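In: My questions are about this predicted structure, shown below with the sequence.
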Amino acid sequence: MNPYLRKVKTASGATAVQVVVKDNGVRRIVEHLGSAHDEAEPAALMHLGHQRLLAGQQVLDLGPALDGGGQAPSHEPCDGGAVRRPAIISRRSGWLIEAIKTVYTRLGLSEAVKPPPMGS
């Protein structure tokens, strides 16, 4: 029942942007963000909607993100901490496993789950 954004055409031909939840197959409009009457307005309304959906969302600091060459990016996240998604050009689970291992270590979970020493 996570809220999401949708764009729909209105009877007048405008584009309405709405925050919607779907529960048991039934869509319910939570909030009408506005109706766009030109080509620039839908993008502004969608941006507003994304800000509303992410309001209060905290960012988990995993340290510097690495780009494909192993270098930290030179830009800062510009949309509330969300980092743009890299393009996926192949299906290799090794990348996912490596990312999980890195985050696991950065969060200190490898130290937190070590078994107690024998004889304790």
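Out: Alright, I've got the coordinates. Numbering: from 1, shown residues only.

In: What is the least confident helix or strand in the chain?
Out: When the helices and strands of the chain are scored by mean pLDDT, DSSP states H and E, helix 109-112 comes last with a mean of 78.

In: Alpha carbons of it, as PDB, please.
Out: These are the backbone C-alpha positions of helix 109-112, laid out as PDB (Å, rounded to 0.1, in the frame of the first residue of the first chain):
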ATOM      1  CA  LEU A 109      27.500  -5.700  10.600                       C
ATOM      2  CA  SER A 110      30.400  -8.100  10.100                       C
ATOM      3  CA  GLU A 111      31.600  -7.100  13.600                       C
ATOM      4  CA  ALA A 112      28.200  -7.100  15.200                       C
END
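
In: domains for this structure, by residue range?
Out: Annotated domains of the chain cover 4-54, 59-120 [automatic domain parsing].

In: Could I get those in a markdown table, plus columns for mean neighbour count?
Out: Where C-beta positions appear, they are placed from N, C-alpha and C, glycine not excepted. Formatted as a markdown table, the domains of the chain follow (neighbours: other CB atoms under 10 Å):
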| stretch | mean neighbour count |
| --- | --- |
| domain 4-54 | 13 |
| domain 59-120 | 9 |
